[in-house]
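**Q** sequence and predicted structure below; questions after.
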Amino acid sequence: MIYGIQVILVFVLICSVAFGAGDGILVEAENFSDKGGWLVDQQFMDVMGSSYLLAHGLGVPVANARTQVEFAEEGEYRLWVRTKNWRPGNWQAPGRFKVKIAGKELDTVFGTESGWHWQNGGLVNISRGKVWVELRDLTGFEGRCDALFFTPDKDFVPPTDDTSLRKWRDEISKVDYDAAAVHKFDVVIVGGGIAGCAAALAAEREGLKVALIHDRPLLGGNASQEVRVHTLGVVGKSGEILNAINTQHWPNGSSEAIADGRKRQQVMESKDNIKLFLCWRATGVRSKDCVIEHVAARHIETGELGGFAAPVFIDCTGDGWIGYWAGAEYRYGREAQDEFDESWEKYGDLWSPEKPDNRVMGSSLLWYSRESEQAADFADVPWAMPIAKDYAALKGEWYWEYSAEHLNQIEDAEEIRDTLLCAIYGSFANAKKDPNNADRVLDWVGYILGKRESRRLVGDYTYTMADVIEGRKFADTVAEEQREIDVHFQKALKGLPYDFISKALFRKVARYYIPFRCLYSKNIDNLMMAGRCFSCSHVGLGGPRVMNTTGQMGVATGYAAALCRKYNITPREVYEKHIDELRNIIGY
């Protein structure tokens, strides 16, 4: 069941107009009452400070977003808009938009200055009372608006550095973190991908009261209709749970993801003991002496705050955020060959570098085009061509992927996403030069990144390439797989010009097994993890990172949470004292 709907709706009615303060009015764009064709983008909240509105129109301007703002005093206000030119260069900015106030459009074109910052919109005369404020997209190419600030103080400039900005926003919005309600559960799971959904279903089967926190309206993670990757891997002993939430083997990017998503959503909403906190993004944890007390979260549209407490937590965020905030040990990047004996001499290819580095597998955006009934133009995209070059395509696949050693898949995720958008729009523009494609139009382009790898939390055991190849069996095996090792790298590393196209190293293997010790934190006592942030080396992630396998991990952690409650113990003690019982519940 979905939790908190009544509270959220009340909050929107009260606060959708604006947050007010003595010297100005802050309007959070994601809180607009009518978003028109603009989308809420929450992916980069932890880096740039907020969710924001995105005009993702595939080159066609989207419908206006609008909301009412109440002004207590008539007068002249200076308008500041927090936005960015996401592709600066010797061309018109691709994400341009304008602001309308009380039906009158301002002269300033926004989205034309580099980097997230407050762009000066000039002075505006505003009447007392409720006034309509609108965002008008000019391009359909990813205009973005974080917030608007109206101030009668003509000389005031809102802060720009991250620390000062967050503090100022909280002050002007009158945010009281200590007053946020703390909800208590038997287990709190953060991340509603396949791993998180599977963990919730397993825990619910054992009678636990479960909170599942997910920062999007749709469950499934990479399998959702927002990303559209079909689930791969075997279901192992967990088929009854996984087959209810995974997908058919449709082509990546297919609209068939929508039907599978509905099925998944219905399954999760039907469980009375699972409370879904959809559109809630975890923002931090409170912990003491290596024990997490509660997870703090915020609604991505309303800004409502909440705390979620439990004896045990499961990190299914993919990026390992819960572990990271709690101080868990983690890995990022590729290990040196000699750390886990993943050498060229032993395995016959460059699986690991001679020295460790910060390169990981990249992120992808899937997309496709379709034939229309008549010839259709596509806008000029000069800002995309330095990335796309002469590459031409009508759709994307898994190998449309971007990573680089100098880019972090978490801290630089917005730049990575935007690079992929340039690759897509530029490659499609190139394809449109062929007369055979005159009728082609873009039909769907993802904007939520499909990530493969970032942080990997460290457990009592680190899963490696050797574990896969040798098919090592463990006394604490809780999941299994037979999918090949599949590690990606960018072709540009080999001197080829398109750095958004990847190549994969494959190695066929027999069935292999994953121990429970990879699924709980080495140094945070009440934290488990399931998904691509489980405890493994870079190459160790290459096989079991697919969704059916991570779903098996979720099932194991969900059942383990039940044993933690049953015996009042930690996940490590489940391994030390009750691993046979856990394996028996799973079906081993």
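**A** Thanks, I have it.

**Q** ok so residue 225 is a helix residue?
**A** No: under DSSP: H, G, I helix; E, B strand; the rest coil, residue 225 sits outside any helix and is assigned coil.

**Q** counting contacts, what elements does the helix or strand hosting residue 26 pack onto?
**A** Under the criterion of DSSP states H and E, residue 26 resides in strand 24-28. Packing contacts for strand 24-28, counted by 3 or more C-beta pairs under 8 Å, 6 or more residues apart in numbering; DSSP states H and E, involve strand 19-21, strand 65-71, strand 141-151, helix 162-172. Where C-beta positions appear, they are placed from N, C-alpha and C, glycine not excepted.

**Q** tell me which of the ones you listed is the most buried.
**A** strand 141-151 (a mean of 25; mean count of other C-beta atoms under 10 Å).

**Q** angle of it against strand 65-71?
**A** 0 degrees (axes from the mean of the first three to the mean of the last three C-alpha atoms, to 10 degrees).

**Q** report the rounded mean pLDDT for strand 141-151.
**A** For strand 141-151, mean pLDDT is 98.

**Q** that strand pairs with which strands, and in what direction?
**A** Partners of strand 141-151 in the sheet, by DSSP bridges, are strand 24-28 (antiparallel), strand 52-56 (antiparallel), strand 75-83 (antiparallel).

**Q** want to throw those strands into CSV with mean pLDDT, distance to residue 431 and mean neighbour count?
**A** As requested, the strands paired with strand 141-151 are exported to CSV (pLDDT from 0 to 100; distance: least, C-beta to C-beta, whole Å; neighbours: other C-beta atoms under 10 Å):
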stretch, mean pLDDT, distance to residue 431, mean neighbour count
strand 24-28, 96, 39, 22
strand 52-56, 98, 20, 25
strand 75-83, 97, 30, 21
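
**Q** export the helix or strand encompassing residue 266 to PDB, keeping only CA atoms.
**A** Under the criterion of DSSP H and E, residue 266 resides in helix 257-269. Output of helix 257-269 as PDB, limited to C-alpha atoms (Å, rounded to 0.1, in the frame of the first residue of the first chain):
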ATOM      1  CA  ALA A 257       8.300  -2.100 -19.900                       C
ATOM      2  CA  ILE A 258       5.100  -0.200 -19.100                       C
ATOM      3  CA  ALA A 259       2.900  -3.300 -18.700                       C
ATOM      4  CA  ASP A 260       5.600  -5.100 -16.600                       C
ATOM      5  CA  GLY A 261       5.800  -2.000 -14.500                       C
ATOM      6  CA  ARG A 262       2.000  -2.000 -13.800                       C
ATOM      7  CA  LYS A 263       2.300  -5.600 -12.800                       C
ATOM      8  CA  ARG A 264       5.100  -4.800 -10.400                       C
ATOM      9  CA  GLN A 265       3.300  -1.800  -8.900                       C
ATOM     10  CA  GLN A 266       0.100  -3.800  -8.300                       C
ATOM     11  CA  VAL A 267       2.100  -6.600  -6.600                       C
ATOM     12  CA  MET A 268       3.900  -4.200  -4.200                       C
ATOM     13  CA  GLU A 269       0.700  -2.100  -3.500                       C
END
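
**Q** still on that earlier bit, out of the strands paired with strand 141-151, nearest to residue 136?
**A** strand 52-56 (9.4 Å; C-beta to C-beta).

**Q** what comes into contact with the closest one?
**A** Contacts to strand 52-56, defined as C-beta atoms under 8 Å, 6 or more residues apart in numbering, come from residues 29-30, 32, 35, 37-41, 61-62, 65, 95, 97, 135, 137, 139-147, 445, 447.

**Q** can you do 7 Å?
**A** Residues from elsewhere that reach strand 52-56 (C-beta atoms under 7 Å, 6 or more residues apart in numbering): 29-30, 32, 35, 38-41, 62, 65, 95, 97, 135, 137, 140, 142-146, 447.

**Q** give me the distance from that strand to the chain's centre.
**A** 15 Å (C-alpha atoms, centre = their mean, to the nearest Å).

**Q** how about stretch 580-588?
**A** 32 Å.

**Q** show me which residues of that stretch are buried.
**A** 581, 582, 583, 585, 586, 588 (16 or more other C-beta atoms under 10 Å).

**Q** between these, which sits nearest residue 326?
**A** Distances from residue 326 to the buried residues of stretch 580-588, taken by C-beta to C-beta, are shortest for residue 582, at 23.0 Å.

**Q** is it true that that closest one touches residue 561?
**A** No: using C-beta atoms under 7 Å, residue 582 is not in contact with residue 561, being 10.4 Å away.

**Q** pLDDT on stretch 275-289, on average?
**A** On average, stretch 275-289 scores 97.

**Q** for stretch 444-460, that is, sorry about that
**A** Here the average pLDDT along stretch 444-460 is 98.

**Q** ok, back up a step: tabulate the CA atom coordinates of the strand holding residue 26 in PDB.
**A** Output of strand 24-28 as PDB, limited to C-alpha atoms (Å, rounded to 0.1, in the frame of the first residue of the first chain):
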ATOM      1  CA  GLY A  24      11.500  37.500  -0.300                       C
ATOM      2  CA  ILE A  25       9.600  34.600  -1.600                       C
ATOM      3  CA  LEU A  26      11.200  31.400  -2.600                       C
ATOM      4  CA  VAL A  27       9.300  29.300  -5.100                       C
ATOM      5  CA  GLU A  28      10.600  25.700  -5.600                       C
END
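
**Q** the closest residue to residue 321 other than its chain neighbours: what's it in contact with?
**A** Closest residue in space to residue 321, ignoring its immediate chain neighbours: residue 282 at 6.0 Å, by C-beta to C-beta, 6 or more residues apart in numbering. Residue 282 makes contacts with 190, 213, 295, 297, 317, 321, 322, as judged by C-beta under 7 Å, 6+ apart.

**Q** what do you get for residue 186?
**A** With C-beta under 7 Å, 6+ apart, residue 186 has these contacts: 208, 209, 210, 310, 565.

**Q** mind listing the helices for this protein?
**A** 5-15, 45-48, 162-172, 194-205, 239-242, 257-269, 321-326, 344-347, 385-388, 413-431, 465-469, 547-567, 571-586 (DSSP state H).

**Q** can you say which of those helices is packed in most?
**A** helix 194-205 comes out most buried of the helices of the chain by mean count of other C-beta under 10 Å, with a mean of 30.

**Q** so what does that helix touch, helix or strand wise?
**A** Counting contacts by 3 or more C-beta pairs under 7 Å, 6 or more residues apart in numbering; DSSP states H and E, helix 194-205 packs against strand 187-190, strand 210-214, helix 239-242, helix 547-567.

**Q** please identify which of those is closest to residue 80.
**A** Distance to residue 80, taken as C-beta to C-beta, is lowest for strand 210-214 among the helices and strands packed on helix 194-205, at 32.2 Å.

**Q** that closest one - what's its average pLDDT?
**A** 98.

**Q** that one pairs with which strands, and in what direction?
**A** strand 187-190 (parallel), strand 274-278 (parallel).

**Q** got the ones you listed as a markdown table, with mean neighbour count and distance to residue 199 columns?
**A** Below are the strands paired with strand 210-214 laid out as a markdown table (neighbours: other C-beta atoms under 10 Å; distance: least, C-beta to C-beta, whole Å):
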| stretch | mean neighbour count | distance to residue 199 |
| --- | --- | --- |
| strand 187-190 | 30 | 5 |
| strand 274-278 | 23 | 10 |
